[in-house]
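*Asks:* Quick one, what's the 3D model for this:
(2 chains)
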Amino acid sequence: MSKDFAKLWARYGTVVILAVLVAGVSVVIPQYFLTGSNAVQILLQSSITILLGLCELFAILTSGIDLSVGSVIALTGMATAMMMTRGVSVFLSILIGGAGLGALLGLLNGSLIAKTGIPPFIVTLGNMSIYRGLTLIVSDGRPVYGLPTAFNRWVAGYLGPVPIPVIISLGCAVAVWFVLSRTRFGRNVYAVGGNPRAAWLSGIPVAKTLIACYALSGLLAGIGGVVITARLASADPLAGVGWESQGIAATVIGGTSFFGGEGGVFGTVMGAVIMGVIVNALNLLNIQSYYQQVVTGIVIILAVILNQSLQKRSLDSK
Amino acid sequence: MSREPVVRLESISKSFPGVKALSDVSFDLYAGEVHALVGENGAGKSTLMNILGGILRPESGAVVIRGQSYQELTPAIARELGVAIIHQELSLVPQLSIAENICLGDLPTTSTGLVDWPEMRRRAEQALLPFGLRADVMTPVSRLSMANRQVVEISRCLARNADIIVMDEPTSSLTSNEVDELFRIILDLRSGGKSIVYISHRLEELRRVGDRVTVLKDGSSVGTRTVADVSAEDLVRMMVGRDIVADPSLRAATIESSERLRVEHLQWGDKVRDVSFAVRAGEVVGLGGVVGAGRTEIARVIFGAAPDSSGKLFLDGQETQVNSPRDAVRAGIALVPEDRRGEGLVTKFSILTNVTMAYIQKSLSWRADSALERRLASGAVKTLSVKTPSISQVVGNLSGGNQQKVVIGKWLDTDARVMIFDEPTRGVDVGAKQEINRIIRSFASKGVAVLLISSELPQLLAVSDRVLVIYDGEIVDELVGDRLTEEDVVYGATTGKGRPVL
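*Replies:* Numbering: from 1, shown residues only, chains lettered A, B, ... in the order given. Next up, the predicted model:
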């Protein structure tokens, strides 16, 4: 196996996995799976996972992790809903209660990580609990209904045949791709993840970069909170429990290294879609949802084994 | 030596995709012998020793240990046969105690299956007995000096009954006293009948401990000689295949330029104590002294990488605040750090990404301009003659000298006014050393003020216009002109006083 192959695989391996998966499922259940409406359905189901994957991408690229995204989704969704039910305009609610609050919560994660040196796992584990608790406190543990129909129509509606959540999440993916690959900040993110010491001694503002990464993760989770609230037409204080694992899975299936500095948006989106296809196929096959978790877990582990063995080969062949 | 050798490597060939790492190399080792292995980086020394250690398998050739040929040698079998390799980066677990490290992988247990601490202590103390290491064996390894860690590593090998010991660059992080101590241990091992393969870049060391020396070049053996019969110049010629004049002086004739860098009363704990000096534009000022004297720390303070340090810094007469490496880079100060893999490079990134890492911090645009970056990286590769197939090559795959050039390349286009080189040629082969020395001088000739830290005296003296001798965090001597001699540097570095002028 040549080094070039390993390189190509690192970039497009997820496409191959997805193609094999789609081909396989098409053979088993051609009548439902290969329809336009089902493809849209898969993308819609993947849209939140894509956003979560982008959150984790920022954290994992810097060899960190963000466990708080699920709670950020709940708190921002709740804040957006409560602002709207109290008469704040839809636009302002989304801007402040969703995106703004999300970024702020992420900023808190990042500041704690960068300034205290406490590992990201611990900081975001603590904040996961704090943000969840705050959501339960402000909502008194009850879902909030009765949101303006305009909100639902704008955020969870359709633009032609395409669901708006899909447009939002793919739009975010393009934006993140641009930031990571076309800006100085993006380059710095990879350098900080690859070797923080060398990055610091090259004049890269390591602390600021870390803080910005977690703030962006929070911002994307806040957008996710808005989307899920609109889709459900209500804010549930228990929304997003355990969703961080979906985001991590998408990122990892997409080939992002847990050691930092390696990975990207394309793989992450692919990872999210792969998970979406699996869940969709199992649904169409009428397989109990309990099994879906088992299958998802197996896919995560297989994907990483594949990536690692290929990476090892490309190193051996130097 | 008519006896049968303990180890015979016969016509070993090994290739990696795209590279012929070894072709038809033979090597033998007798009991009670120190056989040195030298060659530029990438010559195949490590590959050859990894084959002896069972880590790599040769495509052709035979590994014969004590008369028996092993076709499928594994690390476990090699260890069983008494082969131990001490790598440059030691394989100790710093958090564990000396005793645990010595017994690692073979912890003594009591009949109930629990760890037998008294037995472990006894074994460790016995293993350390020949070395005179005065430390409790329950001390964590992280609290030991590099030299003592090496002692622990060696005694661990011996505790496992190793009698074929490969040492890969064992002196690269030791002070000269520690080197003496290590050589005493090596000679003791030799007279105890052990066989030692000694890999080093420092030719003068071979003379002190080696019996025979084998030179590798580009994967082939150039020859094996008795150390006593071969001069250093001969070895260098064998290694590089060309004549090298022993470090010609690269000094500038005279420097009559203005002061570029001035530091006053630098202070950092007790590591840097009231250090003041100035460097003119176009001047190379060397910092001499033993490892640990505070030279690296002085560089860190100037570069803003020393929290809680104090002092004043002037650039071209202007007082400048440098509180972080970022401030330093923006003010035009550049650092080529001592630990190039740990601090200079992101080894899993390409040459391109590494070279532009510092540059883009100074560029005004927030956009990354990939065309410009590619141009910069290609320019750096060309200017510094980095040997690489392309700028997208992963830096971790380059040899030490080429990695160092990439670190230097980071600063080429940053318009640095001050360049600090910290041990720029450590672990770099002879040919690349000369090139790096010339590169350092070329910065100076462009008007950069250069600060050079080097433990290699010939380099320090050949490249520097002036040498400040550091001892225990203080400047104890300033050497110019006739006083730029090895004796003067060593005198100040070891006594903490200027050498009296005769």
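
*Asks:* C-alpha only now, for contacts and for neighbours.
*Replies:* OK.

*Asks:* In the stretch 101-250 of chain A, which residue sits nearest chain B?
*Replies:* Closest contact between the stretch 101-250 of chain A and chain B, by Cα to the nearest Cα, is at A:G203 (3.7 Å).

*Asks:* What backbone torsions are found at that residue?
*Replies:* Geometry field for A:G203 lists phi and psi as phi 90, psi 10, criterion degrees, to the nearest 10.

*Asks:* which residues sit in contact with it?
*Replies:* Under the criterion of Cα atoms under 8 Å, 6 or more residues apart in numbering or on different chains, the neighbours of A:G203 are B:324-330, B:358, B:361.

*Asks:* Try it again at 6 Å.
*Replies:* Under the criterion of Cα atoms under 6 Å, 6 or more residues apart in numbering or on different chains, the contact partners of A:G203 comprise B:325-326, B:329.

*Asks:* Tell me, what's the model's pLDDT at it?
*Replies:* pLDDT, the model's per-residue confidence, is 92 for A:G203.

*Asks:* And the one 4 residues further on, by the same measure?
*Replies:* According to the per-residue confidence, A:A207 scores 96 in pLDDT.

*Asks:* and if you look at A:S317?
*Replies:* Listed pLDDT for A:S317 reads 43.

*Asks:* same thing with B:R262?
*Replies:* The confidence metric pLDDT takes the value 96 at B:R262.

*Asks:* I'd guess it is in a strand, am I close?
*Replies:* Yes. The secondary structure assignment for B:R262 places it in a strand, going by DSSP: H, G, I helix; E, B strand; the rest coil.

*Asks:* Now the residue of the stretch 101-250 of chain A closest to chain B. Nearest residue, chain neighbours left out?
*Replies:* Leaving aside its chain neighbours, A:G203 sits nearest to B:R326 (3.7 Å; criterion: Cα to Cα, 6 or more residues apart in numbering or on different chains).

*Asks:* Tell me, how many residues neighbour that neighbour?
*Replies:* 25 (other Cα atoms under 10 Å in any protein chain shown).

*Asks:* any idea how far B:I436 lies from chain A?
*Replies:* 20 Å (Cα to the nearest Cα, to the nearest Å).

*Asks:* for B:G396, same thing?
*Replies:* In this view, B:G396 and chain A are 9 Å apart by Cα to the nearest Cα.

*Asks:* burial measure for that residue, as a count.
*Replies:* Around B:G396 there are 18 other residues, counting by other Cα under 10 Å.

*Asks:* one step back: mind checking which of the contacts of A:G203 are in strands?
*Replies:* Secondary structure of the contacts of A:G203 is defined by DSSP state E; no position falls in strands.

*Asks:* Please tabulate those residues in CSV, including the columns distance to B:E319 and pLDDT.
*Replies:* What follows is those, written out as CSV (distance: Cα to Cα, whole Å; pLDDT from 0 to 100):
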residue, distance to B:E319, pLDDT
B:P325, 17, 95
B:R326, 17, 94
B:V329, 15, 93
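
*Asks:* What residues does the spatially most central residue of chain A make contact with?
*Replies:* Centrality entry for chain A: nearest residue to the mean C-alpha point is A:L52, 1.7 Å, by Cα atoms, centre = their mean. For A:L52, the contacting residues are A:G247, by Cα under 6 Å, 6+ apart.

*Asks:* and the host helix or strand of it, how far from the chain's centre?
*Replies:* Secondary-structure element containing A:L52, defined by DSSP states H and E: helix A:36-61. Taking Cα atoms, centre = their mean, to the nearest Å, one finds the center of helix A:36-61 at 6 Å from the center of the full chain.

*Asks:* Repeat that for stretch A:79-99.
*Replies:* 22 Å.

*Asks:* Contact residues of chain B facing chain A?
*Replies:* Taking Cα under 6 Å from any Cα of the partner chain as the test, the list of chain B residues beside chain A reads B:16-17, B:325-326, B:329, B:343-346, B:358, B:366-368.

*Asks:* how about 7 Å then?
*Replies:* Remark: the part of chain B in contact with chain A comprises B:16-17, B:325-326, B:329, B:342-346, B:357-358, B:360-361, B:366-368, B:397, using Cα under 7 Å from any Cα of the partner chain.

*Asks:* buried ones in the helix holding A:L52?
*Replies:* Taking 16 or more other Cα atoms under 10 Å in any protein chain shown as the neighbour-count basis, helix A:36-61 is seen to contain the buried residues A:41-61.

*Asks:* Stretch B:484-502 now?
*Replies:* By neighbour count, with 16+ other Cα under 10 Å as the criterion, the buried positions of stretch B:484-502 are B:484-485, B:488-494, B:496-499.

*Asks:* ok, so of these, who is nearest chain A?
*Replies:* Proximity of these to chain A (Cα to the nearest Cα) peaks at B:A493, which lies at 27.9 Å.
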